[in-house]
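Undergrad: Structure for the following, please:
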Amino acid sequence: ERNRPYDTFGWGVVFSDQTLGNLMDADAQTAQAIEASFNHWDDIDVFFKGEKVTSGGQGFCGIGRKRLLNILQQRCEELGVSLVFETEVLDDQQIAARYGADLVIASDGLNSRTRARY
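TA: Residues are numbered from 1 along each chain as shown. Have a look, this model is predicted:
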């Protein structure tokens with residue numbers, strides 16, 4: 001991560017019920033921590049030309065981005081994952097060797113160096 005621990009940009013994250021189900025199947029402990037911190041809703045209101053149309057039955061939950069990061073970082077630490085912050089990844093193979101990493105996650109946006117490399 002190129003930023004400091006617990007830094008975040010943006011407001012929140014929305015998950016569908018299906019995504020939460022998938023997370024529950026993969027990591028129930030993390031899913032339960034997220035579920036305990038979110039707001040849930042089923043209806044979506046669309047306002048168009050002065051009229052409101054309600055569409056129901058989708059099922060979504062929302063959580064503040066910072067809270068979600070806190071949950072995920074804490075879970076990584078519980079599982080023994082070494083998190084690296086304030087580090088710009090210029091070469092994924094070099095950074096993996098430097099930290100003895102089994103996995104490097106590249107999430108550096110549209111102009112990703114890693115994406116371009118592969």
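Undergrad: what's next to the worst-scoring helix or strand of the chain on mean pLDDT, contact-wise?
TA: With mean pLDDT, DSSP states H and E as the measure, the helix or strand of the chain carrying the lowest mean pLDDT is strand 39-41 (a mean of 79). The contact list for strand 39-41 (CB atoms under 8 Å, 6 or more residues apart in numbering) reads 59-63. All C-beta spots, glycine's among them, are computed from the backbone N, C-alpha and C.
Undergrad: Quick one: name whatever helix or strand follows it.
TA: Elements were assigned by DSSP states H and E; along the chain past strand 39-41, the next helix or strand is strand 44-48.
Undergrad: what does that following strand rub up against?
TA: Against strand 44-48 from outside (CB under 8 Å, 6+ apart): 52-56, 58, 60.
Undergrad: Give the buried residues for it.
TA: Within strand 44-48, no residue is scored as buried using 16 or more other CB atoms under 10 Å.
Undergrad: same deal with stretch 12-29?
TA: Applying a neighbour-count criterion of 16+ other CB under 10 Å, the buried positions in stretch 12-29 are 13, 15, 20, 23.
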